[in-house]
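1. kindly return the folded structure for what I paste below:
(chains A and B, ligands or ions: 1)
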Amino acid sequence: MNQREFLRKQMLKKTREQIEEKFAGKEIHIIKAINLLTDLESINNLMTENLNEWKLRQPTGEAEKEFLNLEKNVKNINEQKEKLIEFIEKEMSTEFPNFSTIATPIIGAKLLASAGSKKKLCFAPASTIQVLGAEKALFNHIKHKTRCPKHGHIFNHPLLQRLPKQKRGKAARVIAGKLSIALKQDYFGGENNSKMVFKELEKIIEKISNEPEKIKKPNQPSQKNKPEHRTFTPEERRAFFEKQNKEKTFYKNNKTTNQTTPQNSNNKKTTNKKDFKKFNKFKKFKKFKKRN
Amino acid sequence: MKKLFEGIYSDSKSIYTKNLNKGKKVYGEKIINKNNEEYREWNPYRSKYCAGIKNGLKKNIFFEGCTALYLGSAEGTTVSHISDIVEKNGAIFCVDLSEIAMHKLTKLAEERENIYPILSDAQRIENYKEFLEEKVDALFQDISQRNQAEIFCKNAAFLKKGSYGCLSLKTKSISQSKTKQDILIEEKKILEKEFMIEQILSIEPYEKEHYLILVKKK
Ligand SMILES: C[S@@+](CC[C@H](N)C(=O)[O-])C[C@H]1O[C@@H](n2cnc3c(N)ncnc32)[C@H](O)[C@@H]1O
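-> Model (predicted):
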């Protein structure tokens, strides 16, 4: 019994230590703040949209009172947002001096929130940092063999924004590499040379943007298989339906009476489907035209 | 007050357990006094095991003095009642992943001497192997993960042969699109490698898309 009591005390101590380790880190406040900031942004967008619409209708009397109240709230939210941004910038520059200047504080905080904790972020390889924030696309890539994401939160980085689409992947890779070096400097208390690194990075990015664009190979399978877009004439449509009806009756008769030629009818069915798809596209196109 | 199972009592409406920690509530439940004993009401809407008992579970896997492994203890709603059932000589090892839930559970563990908290992922059994050198008499799992059944089978290594386990299967976290009957058939196949399935219960009015599965280790 005594042994058990001892075991229990040990386990209690261990879990308490684990919990404290999680809660003690300063980064938890940054993570909570950045999560709230994204929430506030979406709330703000929704509210201003509706309020502007309401303003056009010119509310009077009771409605005006409510309207003014809500407008005040939106203003408050905006102020709160700015305060939060200030707080995040301050905290990030003390916790991650190198990292936050290269990544900009807000993007840095987003990366931190995605990673979960300071240790996890600092020990992550550059390739992980590059796709942090694009988890959904990444797992889709692993599971369903879709295309691999080129960038997560890094996408909003000011240096990346100016580049054309084809070069962003390469630039994101370079930036992520620099970020991971800066993180390691911050974690182990290295010197602060972030401004120099940032200038270097700018040069590299410029070099990338000056590179000639790669010319795509002309015979790519994806272009070959593209269905042609054209409108069907009424005659064609009529012919299509007639053919379809004929095949349907033919297929039905064959199915019940003649079972020796299943292959033949099968073949016809598949071609049928393809044609039908084309027709569907045509229908959609027509609807689209009507709407505009 | 009628005795349903060992340690579990019922009157006409609700289910109760004897309060081990006299005079204290855990989550704001009702406390009643009868025949010099204190009973705590067990809410089936908040605890899946209780919902199972209400819907006619065949056997109570916990008993007085047993050691139990509870995966996914959360804040300790269900754990507090099981702690009532196993009483002072028993032990409950509670595994949970979330620090915030564990914070509340450690507070409960300070008051109740038979609760042993473990902060770990239930998939990584090597993290808490050292605490469980003796095998346990009962295994209960209630976690919302996609591979619930596999985790349950992994943790069966800690269970004694011929003793009982109970799995609350949340079908929504396995697949959103399949029907719950289809999921049940698939999960049953996984469970049958390690266990014999004794009973499958739906806990319908209290919790949707859930099954309670009673198993016996081979
Ligand atoms: C629905 S709650 C359990 C509620 C509890 N049985 C009760 O009735 O009071 C599920 C719990 O499982 C935990 N959990 C989820 N995944 C886990 C994992 N892989 N390992 C351990 N715990 C996990 C969650 O933190 C959560 O607290």
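2. list the contacts of whichever residue of the stretch 151-292 of chain A sits closest to the ligand.
-> Among all residues of the stretch 151-292 of chain A, A:G152 sits closest to the ligand, at 24.4 Å; criterion: CB to the nearest ligand atom. All C-beta atoms are positioned from the backbone trio N, CA, C, and that covers glycine. By CB atoms under 8 Å, 6 or more residues apart in numbering or on different chains, the contact set of A:G152 is A:L111, A:S114, A:Q130, A:V131, A:L132, A:G133, A:A134, A:E135.
3. spit out the contact partners of the nearest residue in space to B:E198 that is not next to it in sequence.
-> If the residues on either side of it in the chain are set aside, B:E198 comes closest to B:L214, at 4.6 Å by CB to CB, 6 or more residues apart in numbering or on different chains. Neighbouring residues of B:L214 by CB under 8 Å, 6+ apart: B:L57, B:K58, B:K59, B:I61, B:Y164, B:G165, B:C166, B:I197, B:E198, B:Q199, B:I200, B:L201.
4. just want the phi and psi numbers for B:L214.
-> Backbone torsions for B:L214, taken as degrees, to the nearest 10, come to phi -100, psi 130.
5. before we move on, what about A:E82?
-> Residue torsions, per degrees, to the nearest 10, at A:E82 are phi -60, psi -40.
6. after the helix or strand harbouring A:K9, next one along is what?
-> Using DSSP states H and E, A:K9 sits in helix A:2-24. Using DSSP H and E, the next helix or strand after helix A:2-24 towards the C-terminus is helix A:27-56.
7. what mean pLDDT does that next one get?
-> For helix A:27-56, mean pLDDT is 90.
8. any idea how far A:K165 is from chain B?
-> 33 Å (CB to the nearest CB, to the nearest Å).
9. let's see the helix or strand hosting A:E236 as PDB, backbone CA atoms only.
-> According to DSSP H and E, A:E236 maps onto helix A:234-257. Only the C-alpha atoms of helix A:234-257 are listed here, as PDB (Å, rounded to 0.1, in the frame of the first residue of the first chain):
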ATOM      1  CA  PRO A 234     -29.800  22.700 -82.500                       C
ATOM      2  CA  GLU A 235     -29.400  20.000 -85.300                       C
ATOM      3  CA  GLU A 236     -26.600  18.500 -83.400                       C
ATOM      4  CA  ARG A 237     -28.600  18.400 -80.300                       C
ATOM      5  CA  ARG A 238     -31.500  16.700 -81.900                       C
ATOM      6  CA  ALA A 239     -29.300  14.200 -83.500                       C
ATOM      7  CA  PHE A 240     -27.700  13.500 -80.100                       C
ATOM      8  CA  PHE A 241     -31.000  12.900 -78.400                       C
ATOM      9  CA  GLU A 242     -32.200  10.700 -81.200                       C
ATOM     10  CA  LYS A 243     -29.100   8.600 -81.100                       C
ATOM     11  CA  GLN A 244     -29.400   8.300 -77.300                       C
ATOM     12  CA  ASN A 245     -33.000   7.200 -77.500                       C
ATOM     13  CA  LYS A 246     -32.200   4.600 -80.100                       C
ATOM     14  CA  GLU A 247     -29.400   3.200 -78.100                       C
ATOM     15  CA  LYS A 248     -31.500   3.100 -75.000                       C
ATOM     16  CA  THR A 249     -34.200   1.000 -76.600                       C
ATOM     17  CA  PHE A 250     -31.600  -1.100 -78.300                       C
ATOM     18  CA  TYR A 251     -29.900  -1.700 -75.100                       C
ATOM     19  CA  LYS A 252     -33.100  -2.600 -73.300                       C
ATOM     20  CA  ASN A 253     -34.100  -5.100 -76.000                       C
ATOM     21  CA  ASN A 254     -30.700  -6.600 -76.100                       C
ATOM     22  CA  LYS A 255     -30.500  -7.000 -72.400                       C
ATOM     23  CA  THR A 256     -33.700  -9.100 -72.200                       C
ATOM     24  CA  THR A 257     -33.400 -11.100 -75.400                       C
END
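10. count of residues packed around residue 133?
-> Since you didn't name a chain, this refers to chain A. 22 (other CB atoms under 10 Å in any protein chain shown).
11. let's do chain B instead
-> B:E133: 8 surrounding residues under other CB under 10 Å.
12. ok, now which ones touch the residue nearest to the spatial centre of chain B?
-> Most central in chain B under CA atoms, centre = their mean is B:F140, positioned 4.3 Å from the mean C-alpha point. Contact partners of B:F140, counting by CB under 8 Å, 6+ apart, are B:Y49, B:I61, B:A68, B:L69, B:Y70, B:L71, B:I82, B:G165, B:C166, B:L167, B:S168.
13. pLDDT score assigned to the nearest residue to B:S83 once chain neighbours are set aside?
-> Leaving aside its sequence neighbours, B:S83 sits nearest to B:R112 (CB to CB, 6+ apart; 5.0 Å). pLDDT recorded at B:R112 is 89.
14. wait, isn't B:R112 in contact with B:N21?
-> Yes. Between B:R112 and B:N21 there is a contact under CB atoms under 8 Å: 5.8 Å.
15. could you look up the SS state of the residue nearest to the centre of chain B?
-> Under DSSP: H, G, I helix; E, B strand; the rest coil, the three-state class of B:F140 is strand.
16. about what we covered before: and the contacts of A:G152, which are buried?
-> A:L111, A:S114, A:Q130, A:V131, A:L132, A:G133, A:A134 (16 or more other CB atoms under 10 Å in any protein chain shown).
17. list just the nearest of the residues you listed to A:Q18.
-> Nearest to A:Q18 among the buried ones among the contacts of A:G152: A:S114, at 22.0 Å, using CB to CB.
18. doesn't the closest one belong to a helix?
-> Yes. Under three-state DSSP, A:S114 sits within a helix.
19. now do the contacts for it.
-> A:L132, A:G133, A:E135, A:G152, A:H153.
20. residue contacts, the residue nearest to B:S83?
-> B:R112 neighbours (CB under 8 Å, 6+ apart): B:L20, B:N21, B:S80, B:S83.
21. confirm B:E126 sits in a helix?
-> Yes. With three-state DSSP as the criterion, B:E126 is part of a helix.
22. that older thread, redo the contacts of B:R112 as a markdown table? Include pLDDT, secondary structure and neighbour count.
-> Listed next are the contacts of B:R112 as a markdown table, based on pLDDT from 0 to 100; DSSP: H, G, I helix; E, B strand; the rest coil; neighbours: other CB atoms under 10 Å in any protein chain shown:
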| residue | pLDDT | secondary structure | neighbour count |
| --- | --- | --- | --- |
| B:L20 | 87 | coil | 20 |
| B:N21 | 85 | coil | 16 |
| B:S80 | 92 | helix | 28 |
| B:S83 | 92 | helix | 29 |
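23. Throw these into a markdown table and include distance to A:P164, thanks.
-> Putting the contacts of B:R112 into a markdown table (distance: CB to CB, whole Å) gives the following:
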| residue | distance to A:P164 |
| --- | --- |
| B:L20 | 69 |
| B:N21 | 68 |
| B:S80 | 61 |
| B:S83 | 64 |
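24. before we move on, the earlier item: from the ligand, how far off is the residue nearest to B:S83?
-> Counting by CB to the nearest ligand atom, to the nearest Å, the separation of B:R112 from the ligand is 15 Å.
25. cool, B:V26 as well?
-> 10 Å.
26. what sits against A:A103?
-> Contacts for A:A103 (CB under 8 Å, 6+ apart) come out as A:L111, A:I154, A:H157, A:L179, A:A182.
27. apart from its chain neighbours, what residue comes closest to the last one?
-> Just to be clear, that refers to A:A182. A:N98 (3.9 Å).
28. check contacts around that neighbour.
-> A:A182, A:L183, A:Q185, A:D186, A:G190, A:N192, A:N193, A:S194, A:V197.
29. mind checking the pLDDT average for the helix or strand A:Q185 falls within?
-> A:Q185 belongs to helix A:165-187 when elements are defined using DSSP H and E. For helix A:165-187, mean pLDDT rounds to 90.
30. appreciated, that's everything.
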